[in-house]
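**Q** With the sequence up front, the predicted model follows.
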Amino acid sequence: MNKAKRAAIIAGNWKMNNTPSQTTALINEMKPKVADASCKVVLCVPYVDIPAAIEAAKGSNIAIGAENVHFEKSGAFTGEISADMLNELGVEYVIIGHSERRQYFGETDETVNKRTRAALDAGLTAIVCVGEQLTEREQGITAELVAMQTKIALLGVSAEQMKKVVIAYEPVWAIGTGKTATAEQANEVCAVIRATIASLYGDEAAEATTIQYGGSMNAKNAAELVAQPDVDGGLIGGASLKAEDFSVIVNAATNG
Ligand code: PGA
């Protein structure tokens with residue numbers, strides 16, 4: 001597998017953290033620290049922080065993403081946000097199917113698929129999250145489960161649209177727990193995802209797809225993870241809230 005055929009992306013997932021003014025301050029602090037990155041740098045922020053984030057990131061190498069999107073174009077869906085709304089603000093990326101949304105907000109593989117298609121139809125890049133729970137790993141079904149999540153998420157996605165799909169492998173047991181998958185475990189499952197994409201879209205598309213690892217990636221362990229042949233960067237939660245830690249991870253991917 002040739003890593004040169006795809007972009008490494010380090011994306012922060014701020015979750016429900018930072019107000020608009022805190023957003024401006026943190027991005028201003030991050031900008032000079034990540035300016036020399038050779039990977040792509042993305043910050044996915046709460047909806048209300050997006051305008052401040054876009055403004056603060058203007059002229060820099062940081063692209064802004066959202067953390068979710070609704071699958072309908074418009075209508076009576078109180079509290080929801082459409083892909084067109086994000087697009088008009090200048091959002092380029094959107095996280096879809098994060099395990100916290102699956103766990104706390106009723107997200108299913110089917111709704112992940114609908115959101116992915118809506119995001120792609122609007123021209124956004126979808127960062128689609130997949131990953132097993134601890135019991136599923138212990139049951140020995142990680143590969144099958146992650147392949148199934150990937151397949152369902154991509155139902156109806158065209159080969160052309162695949163160019164704007166990023167998959168994030170995030171073992172649920174590693175998110176926010178301080179327990180990171182070993183580099184070998186991360187690589188093994190990212191390779192399963194790549195093989196699944198190859199079976200659906202062919203080898204060339206699979207080699208061109210960015211597949212990230214996420215789950216307690218930090219300034220200390222990032223270099224080893226992103227150096228793995230099938231790991232193309234990371235989706236970073238906790239460590240993306242600190243300018244110094246995030247920039248170390250970004251620069252590890254640059255060198256990885
Ligand atoms: P974490 O979160 O880095 O805090 O484990 C990762 C994620 O939820 O995307």
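**A** Structure received.

**Q** From here on, just use CA atoms for contacts and neighbour counts.
**A** Fine.

**Q** What distance do you get for Thr24 to the ligand?
**A** As judged by Cα to the nearest ligand atom, to the nearest Å, Thr24 and the ligand stand 21 Å apart.

**Q** Name the helix or strand for that residue, please.
**A** Per DSSP states H and E: Thr24 is located in helix 20-34.

**Q** I'd like the average pLDDT over that helix.
**A** Taken as a whole, helix 20-34 has an average pLDDT of 98.

**Q** now that helix, how far from the chain's geometric center?
**A** Distance of helix 20-34 from the chain centroid (Cα atoms, centre = their mean, to the nearest Å) equals 20 Å.

**Q** Nearest to the ligand: which residue in the stretch 1-150 of the chain?
**A** Asn13 (5.5 Å; Cα to the nearest ligand atom).

**Q** And the helix or strand of the chain with the lowest mean pLDDT, what does it pack against?
**A** When the helices and strands of the chain are compared on mean pLDDT, DSSP states H and E, helix 243-255 comes out lowest with a mean of 92. On a contact count with 3 or more Cα pairs under 8 Å, 6 or more residues apart in numbering; DSSP states H and E, helix 243-255 meets strand 9-13, helix 20-34, helix 222-226.

**Q** Against the centre of the protein, work out the most remote residue.
**A** Going by Cα atoms, centre = their mean, the residue of the chain most distant from its centre is Ala76, 28.2 Å out.

**Q** and that residue, that one's in a strand?
**A** No - counting by DSSP: H, G, I helix; E, B strand; the rest coil, Ala76 falls outside a strand, being coil.

**Q** ok, it - contacts?
**A** Going by Cα atoms under 8 Å, 6 or more residues apart in numbering, Ala76 touches no other residue.

**Q** swap in Ser247?
**A** Per Cα under 8 Å, 6+ apart, neighbours of Ser247: 30, 33-34.

**Q** How about Ala219?
**A** Contacts of Ala219 by Cα under 8 Å, 6+ apart are 239, 245-246, 248-249.

**Q** would TSV of the residues you listed with neighbour count and distance to the ligand be doable?
**A** Output for the contacts of Ala219, formatted as TSV (neighbours: other Cα atoms under 10 Å; distance: Cα to the nearest ligand atom, whole Å):
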residue	neighbour count	distance to the ligand
Ala239	22	6
Asp245	16	11
Phe246	26	10
Val248	19	14
Ile249	27	11
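
**Q** and which of those residues is nearest to Tyr47?
**A** Ala239 (19.8 Å; Cα to Cα).

**Q** these two touch, right, that closest one and Asp245?
**A** Yes - between Ala239 and Asp245 there is a contact under Cα atoms under 8 Å: 5.7 Å.

**Q** shared neighbours of those two, anything?
**A** With Cα under 8 Å, 6+ apart, Ala239 and Asp245 have common neighbours 218-219.

**Q** low pLDDT regions in the stretch 101-250 of the chain?
**A** Counting by pLDDT under 70, the stretch 101-250 of the chain contains no low-confidence segment.

**Q** which bits of it sit near the ligand?
**A** 174-176, 214-217, 235-238 (Cα under 6 Å from any ligand atom).

**Q** Which of the residues you listed fall in helices?
**A** Among these, DSSP state H puts none in helices.

**Q** can I get the helices and strands packed on helix 243-255 in JSON lines with mean neighbour count?
**A** Putting the helices and strands packed on helix 243-255 into JSON lines (neighbours: other Cα atoms under 10 Å) gives the following:
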{"stretch": "strand 9-13", "mean neighbour count": "27"}
{"stretch": "helix 20-34", "mean neighbour count": "18"}
{"stretch": "helix 222-226", "mean neighbour count": "24"}
